[in-house]
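Undergrad: fold the following, please.
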Amino acid sequence: MADLFPDTVATTAPGLDQPREDAPLADRLRPRALDEVVGQEHLTGAEGAIGRMVAAGRLSSMILWGPPGTGKTSIARLLADAVGMRFASISAVFSGVADLKKAFAEADKAAQAGQRTLLFVDEIHRFNRAQQDGFLPFVERGTVTLVGATTENPSFELNAALLSRAQVLILRRLDAAALGSLLDKAEALEGLLPLTPDAREALVASADGDGRFLLNQAETLYAAQIPAPLDPGELGKFLQRRVAVYDKDREGHYNLISAWHKALRGSDPDAALYYMARMLVAGEEPLFVLRRLVRAASEDIGLADPQALVQCLAAKDAYEFLGSPEGELAIVQACLYCATAPKSNAAYMAFKSSWRSAKETGSLMPPAHILNAPTKLMKDVGYGKGYAYDHDADEGFSGADYWPEEIRRQQFYTPVERGFEREVRKRLEYWARLRAEREQE
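TA: Sure thing, here's the model as predicted:
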């Protein structure tokens, strides 16, 4: 394809070229009209954003955001054809400033001849901030209608100024019905796949929502000229599953962390195991998972079950001792313990409140009666005077005031009525009653 080369900008006039007979199956099955795009009817249908723009005959700049193999490039080409625009495409992976200048110059020339240009920018998030800013004047003047494609969250990867001039449209991961429709099209063109019904379902599942990957797998099966239909086990030996999308510094990584942590907090052990397995199967570092478990044990469980933190640290030791794959079982155990433990964020809230108070109150001195007095001068000025030794008091509790004189007693920690914190709450309430009684004496 022409847009794979850095010194080339691919352009076409309205109307789509027919693919060569020897083109890959995915190219030969590329949709010829928007209503042939599968799985994105929420955008391309009559009530969808794209459907409405095409019906009006006028496109606004847009960013197509979605997983690989969901039809972003096809939609961009079909949009230009649907409204009679000149189509130009560049790839941010292979293109630089010179290619952008060339694309804009050609669009200017086409505009003078009365031809509007749709500029499709694949992987637009790979352009740096300065390059993205370079689009702005041409988009504002209407030299080009920009259609960018990205697999990454535009909020993080694209300039705010560019986002303000483009509509973000979200493409969905292809579901089983949409992928099955693609296989139907392939079989109408190439004949039945050499698969049992169960193996066909397994092939769809192996694509993980990626239509291009599915068609490439189907093409491999056709090329092999298999004499008898394969069952799921035989298919698994013949083909590889699509590797799960999981970039450790990208949004998918943070989405799974968020989902996992919330499943733990929500006491759903099965969902917690599922998301944790997703991360580990995709190559996440087990020690990263363990660090997150330790955090959850303190943030979401705390003293409702003090053993949660112990379990997580023990799992860390067990994993470091056993390694993979045996050590993963200890991580599973800690995950299940945290998910099924009583929950409390009282310690977390106390942490935030006490830190905030410490910053606000600065360098206030503690009350003199709880200060040590190792010298005569310190004793003379009142250090340690009147200190009540709690072990000598009834119930081992003196009820003394330990707060600086400039501020009142504050309450940062409020235990919940769950798990071990129920007992802690009883103690605090009992001491509060004793303190009130002794203040009245």
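Undergrad: how is the chain carved up into domains?
TA: Domain assignment for the chain by automatic domain parsing gives 2-170, 176-238, 251-340, 366-440.
Undergrad: what's the closest of those to Ser353?
TA: Using Cβ to Cβ as the measure, domain 366-440 is the one of the domains of the chain that comes nearest Ser353, at 4.3 Å. Backbone N, C-alpha and C define where each C-beta goes, glycine included.
Undergrad: so where is the stretch 251-400 of the chain shaky, pLDDT-wise?
TA: 251-252 (pLDDT under 70).
Undergrad: turn the domains of the chain into CSV, including mean neighbour count and distance to Tyr348.
TA: What follows is the domains of the chain, written out as CSV (neighbours: other Cβ atoms under 10 Å; distance: least, Cβ to Cβ, whole Å):
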stretch, mean neighbour count, distance to Tyr348
domain 2-170, 18, 27
domain 176-238, 17, 36
domain 251-340, 18, 5
domain 366-440, 13, 10
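Undergrad: now these in CSV, with distance to Ser357?
TA: Formatted as CSV, those follow (distance: least, Cβ to Cβ, whole Å):
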stretch, distance to Ser357
domain 2-170, 34
domain 176-238, 49
domain 251-340, 19
domain 366-440, 6
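Undergrad: out of those, which gets nearest to Trp355?
TA: Nearest to Trp355, of these and by Cβ to Cβ, is domain 366-440 at 9.3 Å.
Undergrad: relative to the whole chain's centre, how far out is that closest one?
TA: A distance of 46 Å separates the centroid of the chain from that of domain 366-440, by Cα atoms, centre = their mean, to the nearest Å.
Undergrad: same check, this time on stretch 308-317
TA: Remark: stretch 308-317 is offset 26 Å from the chain centroid, using Cα atoms, centre = their mean.
Undergrad: contact partners of that stretch?
TA: For stretch 308-317, contacts defined as Cβ atoms under 8 Å, 6 or more residues apart in numbering pick out 287, 290, 293-294, 296-298, 301, 330-331, 333-334, 337-338, 341.
Undergrad: how about 10 Å then?
TA: Contacts to stretch 308-317, defined as Cβ atoms under 10 Å, 6 or more residues apart in numbering, come from residues 286-287, 289-298, 300-303, 305, 307, 327-343, 419.
Undergrad: next one: stretch 274-288
TA: Counting by Cβ under 10 Å, 6+ apart, 243-248, 252-253, 255-264, 268, 289, 291-293, 315-316, 319-320, 323-325, 327-328, 330-332, 334-336, 339 sit against stretch 274-288.
Undergrad: taking those one by one, which sit in helices?
TA: Within those, residues falling in helices by DSSP state H are 252-253, 255-264, 289, 291-293, 315-316, 319-320, 328, 330-332, 334-336, 339.
Undergrad: was I right to think Glu326 contacts Ala318?
TA: Yes: with contact defined as Cβ atoms under 10 Å, Glu326 reaches Ala318; the gap is 8.8 Å.
Undergrad: Ile90: what secondary structure?
TA: Recorded secondary structure, Ile90: strand (DSSP: H, G, I helix; E, B strand; the rest coil).
Undergrad: show the pLDDT at it.
TA: On the pLDDT scale, Ile90 is placed at 90.
Undergrad: check which helix or strand covers the residue lying closest to Phe87 once chain neighbours are set aside.
TA: Excluding its sequence neighbours, the residue lying closest to Phe87 (Cβ to Cβ, 6 or more residues apart in numbering) is Ala80, at 3.8 Å. If you go by DSSP states H and E, Ala80 is part of helix 72-82.
Undergrad: what's the answer for Leu169, then?
TA: Per DSSP H and E: Leu169 is located in strand 167-170.
Undergrad: report all helices and strands that that strand contacts.
TA: helix 41-44, helix 49-56, strand 62-65, strand 145-150, helix 154-157 (3 or more Cβ pairs under 10 Å, 6 or more residues apart in numbering; DSSP states H and E).
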